[in-house]
Every structure is written in structure tokens, then in C-alpha cells.
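K.L.:
Fold the following, please.
(chains A and B)
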Amino acid sequence: MRIATWNVNSVRMRLPRVVEWLGRQQPDVLCLQETKTVDADFPRGEFEALGYHVEVFGQKTYNGVALLSRTRALAVVRGLPDDPPDADRRLIGGVFEGVRVIGVYVPNGTEVGSERFAFKLAWFRRLREMLEASCSTGDPVLICGDFNVAPEDRDVHDPDAWRGRLLFHPDEQEALRHLMAWGLVDAFRLHETRGGHYTWWDYRAGAFHRGWGLRIDLVLMTEALAARCRSVTIDRDARKGEKPSDHAPVIADLV
DNA sequence: ATGGCTACTCCTAGTAGA
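P.N.:
Residues are numbered from 1 along each chain as shown, chains lettered A, B, ... in the order given. As a prediction, the model looks like this:
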């Protein structure tokens, strides 16, 4: 079973890239973030034509998440349970072949110390509360998406330059650790301990070609599911070429 | 590395992302 995550930075702008990628990588489930599209304008038919079921949770201009899947999503959830009705649309989950998959777009935080930064930290806590209320650590649970924080020094091209900045601040790292302490492992690190593997590169300054990246897109799993995980790969090639997203997809293969 | 880009919008300038 192949489960992938990709922050596409507008699903309409990225449609040809995503269609090409689905044909090449053939995921069973793809979690999309930053679709930036109201549900009525989501290019549902283009994905259905490729044999994918589509579940969306979008909004105008910002945020927006979706699930594409070979089997129909069961027990679909949209948003955090304590979200107000007008909340950002940042979470969508479903059950596929018995695996609970949750795709997340964690708030960016805007600026360290800002109100939006506090909202980001609180969002991590609320995600943990959702897990405590609705999942068991003994179940096969996978949470993937754009977490907007690099977990460790080896996940940043220049940790000393980045330390204390947005995406690499100790408070963000602590918020991620507290989420994971519920009972999740960073599946990429099951198979690769070295640095130099990133999922996001700034559009500016030729950052991609200069290797200035961060690993902020993660696949977290309960131990129960991690035992079935054979590989986690970052499809760096998807960051190349015409009109790329600024994020690369991450692919987890389970037996 | 950070006023080097990209995508959005009551669209040609301002906002936000990461």
C-alpha cells in the first residue's frame, strides 16, 4: 500500500504536474495540501478519470486539503473536532484498507512570537487531543502532510542560520515532539539517518539548485503501522521542471 | 540565504506563504 503527501501550492495551477505524477508513482492514497480552491472548483473529474476517489475540504485562496484514493474513503473526517465553523480548512482524514490516514496542513505561523505563531503551537496540541479522543496507539494510524517545522538539525541545510527562525524554532519543535509523544514515529527516519534530505525549497534565490532546503513534510505513524513500513522516499524530481510546487511529495510504502 | 518567487484576489498592487 502506497500512501503519499504533497503540498501542491494550488491544485488548479499544479493539475498537469499532479496528473503526471499520479501516473508515474501510482499511489493508493495521496493527501494534498494548499489546494487553495473552493470545493465546487476542485478538478475532481480529472482525478476520477484516472480511477481516483476524491474527498475535498477546501476554501478560497488559502489552505485547503484533499484526499485522492484508489478505494473509497471510509469514516471521513474534516477539520479538528473543536474547530469553529469558519476555521481554516487544514485537516482531512479517511480509512483506507483499515489504515486511518489523516492529511494535515499545519499553520505556517507567519512570524515567531505572533498571534498566528501561538495559533500554530495550539494547533499541534489540538491535533494531539483529537488523537487521544478518537484513536488508539495500537491502531494503524498515519498522519502526513506539511507540518511547517523541521524536526532536527539534520533536517535543515544550514541549522545555525535557521535556528530560532520560523520553521526551525524550538517552540515549534517542542510542539511537534509533544504531538509525537502520543505514540507516533517519523517514518522517514526509520530508514534514513543522514541529513541532506529536504521536502521544501524557497522559490527565491535558486534555493532548490543551491540545496537550501528543509524537511518539513512528514509521515508520522503509530508503531503498529511503522512495523509495516518498508520505505519512505522524497520525490525530489517533482520539485524540478516547469511550474513546480515549492514542496516535493513524500511517499510511504507499507506491506 | 531572506526586497532573488509564486499564487491568490471584488486583479495590474497588496497579501501570504515558508
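K.L.:
for the nearest residue to A:D235 once chain neighbours are set aside, what are its contacts?
P.N.:
Nearest non-adjacent residue to A:D235, counting by Cβ to Cβ, 6 or more residues apart in numbering: A:P249, 4.7 Å away. For glycine as for every other residue, the C-beta is placed from the backbone atoms N, C-alpha and C. Residues in contact with A:P249 (Cβ atoms under 8 Å, 6 or more residues apart in numbering) are A:4-6, A:21, A:25, A:30, A:217, A:234-235, A:238.
K.L.:
Distance-wise, check the residue nearest to A:E172 when sequence neighbours are not counted relative to DNA strand B.
P.N.:
Nearest non-adjacent residue to A:E172, counting by Cβ to Cβ, 6+ apart: A:V149, 4.0 Å away. For A:V149, the distance to DNA strand B equals 9 Å [Cβ to the nearest atom of the strand, to the nearest Å].
K.L.:
Please apply the same query to A:E223.
P.N.:
Taken as Cβ to the nearest atom of the strand, the spacing of A:E223 relative to DNA strand B amounts to 29 Å.
K.L.:
repeat for A:T71
P.N.:
Using Cβ to the nearest atom of the strand, A:T71 is found at 28 Å from DNA strand B.
K.L.:
That residue - nearest residue in space that isn't next to it in sequence?
P.N.:
A:T71 sits nearest to A:F96 (Cβ to Cβ, 6+ apart), 5.6 Å away.
K.L.:
what's the neighbour count on that neighbour?
P.N.:
Using other Cβ atoms under 10 Å, A:F96 has 20 neighbouring residues.
K.L.:
what comes up buried for stretch A:210-221?
P.N.:
Neighbour-count burial for stretch A:210-221, counted by 16 or more other Cβ atoms under 10 Å, picks out A:212-221.
K.L.:
and A:G51, what pLDDT?
P.N.:
Looking at A:G51, its pLDDT reads 98.
K.L.:
ah, wrong one, I meant A:G138
P.N.:
Confidence at A:G138, expressed as pLDDT, is 97.
K.L.:
and the nearest residue to A:V65 once chain neighbours are set aside, what are its bridge partners?
P.N.:
Distances taken as Cβ to Cβ, 6+ apart place A:I92 nearest to A:V65, at 4.5 Å, with adjacent residues excluded. Bridge pairing for A:I92 (DSSP bridges) gives the partners A:R78, A:G103.
K.L.:
Identify the residues contacting A:I92.
P.N.:
A:I92 sits in contact with A:31, A:55-57, A:65-67, A:76-78, A:102-103, where contact means Cβ under 8 Å, 6+ apart.
K.L.:
Please tell me I have it right and the residue nearest to A:T71 contacts A:C31.
P.N.:
No - assessed by Cβ atoms under 8 Å, A:F96 is found out of contact with A:C31, at 10.7 Å.
K.L.:
which residues are common contacts for those two?
P.N.:
Jointly contacting A:F96 and A:C31 under the rule Cβ under 8 Å, 6+ apart are A:I3.
K.L.:
Report the secondary structure state of the residue in the stretch 101-250 of chain A that DNA strand B sits nearest to.
P.N.:
When scored by Cβ to the nearest atom of the strand, the stretch 101-250 of chain A has A:A161 as its residue closest to DNA strand B, at 2.5 Å. With DSSP: H, G, I helix; E, B strand; the rest coil as the basis, A:A161 sits in helix.
K.L.:
what about the strands in the stretch 51-200 of chain A?
P.N.:
Taking DSSP state E, counting those that start in this stretch as the test, the strands found in the stretch 51-200 of chain A are A:53-57, A:65-69, A:74-78, A:91-96, A:99-105, A:141-146, A:185-186, A:200-201.
K.L.:
quick one: is the helix or strand just after the last one near DNA strand B?
P.N.:
Reading on from strand A:200-201 to the C-terminus, the next helix or strand found by DSSP states H and E is helix A:207-210. Yes - using Cβ under 7 Å from any atom of the strand, helix A:207-210 reaches DNA strand B at A:A207.
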